[in-house]
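**Student:** Make a model of this:
(chains A and B)
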Amino acid sequence: MKAYLNRRYHFSASHRLHTDVFNKAKNRELFGKCNNPHGHGHNYTVQVTFSGLINPETGMVCNLADLDSFAQKNLLSRFDHTNLNTLESFADKVSTTENLSIEIYRIFQSFPAAHLEQVHIEETSNNSFDFAGDRAPFGMRAPGTI
Amino acid sequence: MIFLTRKAEFSSAHFYWNPQWSPEENQRVFGRCANRNGHGHNYTLEVTVAGEVDPISGFVVDLKELKDILEREVVSVYDHRHLNLEVPEFISEIPTTENIAVAIWNRLDNKIPNAKLHRVRVYEMPDLFADYYGEP
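**Tutor:** Numbers count the residues shown, from 1 in each chain, chains lettered A, B, ... in the order given. Coordinates of the predicted model:
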């Protein structure tokens, strides 16, 4: 039987929305308070969804301890309590949560034990983002499909 | 088509153990979840059903009736019970979050009048939950 395992992780980071393509005034106009030169920060929540057949020996889609240690190594130790703009992932990209979603999707795609369906990132309790590669995320697909 | 979700809660004990493995292998794979004395969670169940709105009642499904079905089929069987020892489907299956979602689907499928069961979501904790859509 195919089931979907959802796990939420939390990290805190600072960032600043800014692009070298535009001048100072244009950055301020486009990004508003998110362009504050000193940066600001968020408590991010990352929700990953993996699918797979339930292993009859373990009752699991994948071992949660393996997923947690993968997340610790590849997400939390790299992103938690950092300034996102200083990370290699954002060297040539604005550290918007859209770009963060794509980067985190890319990271979890290499978890070997289950199939990554999608990532859901909450930047604040009012802003969230879903990314499922080239498919529409769950809940945003045509009626009658999962 | 409208999708309607009803929540219910139950608190249960469980542990993870595959009787075909040695105690060492169970410990290696399941870690502290293999403690044979069990541990417990406050589970949250979300059941989503899909259907068309009845033109007279304005309902997809009568929420009171859905609540009663969840109570009868799931909560009264699982709540304040040891899943491994007291719930029939977990005598032979390990009560992981994934297997609990499948078991609840099997308990509810075809029992909800006028609506199709769409998704069973089981939260073991706010940061860990499993979904089952009836897929083989």
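
**Student:** mind checking how far stretch A:59-79 is from the chain centre?
**Tutor:** Distance of stretch A:59-79 from the chain centroid (C-alpha atoms, centre = their mean, to the nearest Å) equals 14 Å.

**Student:** Which one of the residues in chain A is closest to chain B?
**Tutor:** A:G59 (3.6 Å; C-beta to the nearest C-beta). Backbone N, C-alpha and C define where each C-beta goes, glycine included.

**Student:** count of neighbours near that residue?
**Tutor:** 21 (other C-beta atoms under 10 Å in any protein chain shown).

**Student:** Would you confirm that it contacts B:Y16?
**Tutor:** Yes - counting by C-beta atoms under 8 Å, A:G59 does reach B:Y16; the two are 7.1 Å apart.

**Student:** Now list whatever residues contact both of those two.
**Tutor:** By C-beta atoms under 8 Å, 6 or more residues apart in numbering or on different chains, A:G59 and B:Y16 have these common neighbours: B:I94, B:P95, B:T96.

**Student:** Quick one: buried ones out of the residues you listed?
**Tutor:** Among the shared contacts of A:G59 and B:Y16, those scoring as buried are B:I94, B:P95, B:T96 (criterion: 16 or more other C-beta atoms under 10 Å in any protein chain shown).

**Student:** ok, the nearest residue to the last one once chain neighbours are set aside - contacts?
**Tutor:** So the one you mean is B:T96. Closest residue to B:T96 apart from its sequence neighbours, by C-beta to C-beta, 6 or more residues apart in numbering or on different chains: A:G59 at 3.7 Å. By C-beta under 8 Å, 6+ apart, the contact list for A:G59 reads B:Y16, B:E93, B:I94, B:P95, B:T96, B:E98, B:N99.

**Student:** Is there a neighbour count for residue 51? I'd like the number.
**Tutor:** Since no chain was named, I'll use chain A. A:S51 has 19 nearby residues by other C-beta under 10 Å.

**Student:** should've been chain B
**Tutor:** 18.

**Student:** Can the longest helix along chain A be said to contact chain B?
**Tutor:** Selection of the longest helix in chain A by residue count, based on DSSP state H, yields helix A:97-109. No - remark: helix A:97-109 sits outside contact range of chain B, by C-beta under 8 Å from any C-beta of the partner chain, the gap being at least 15.3 Å.
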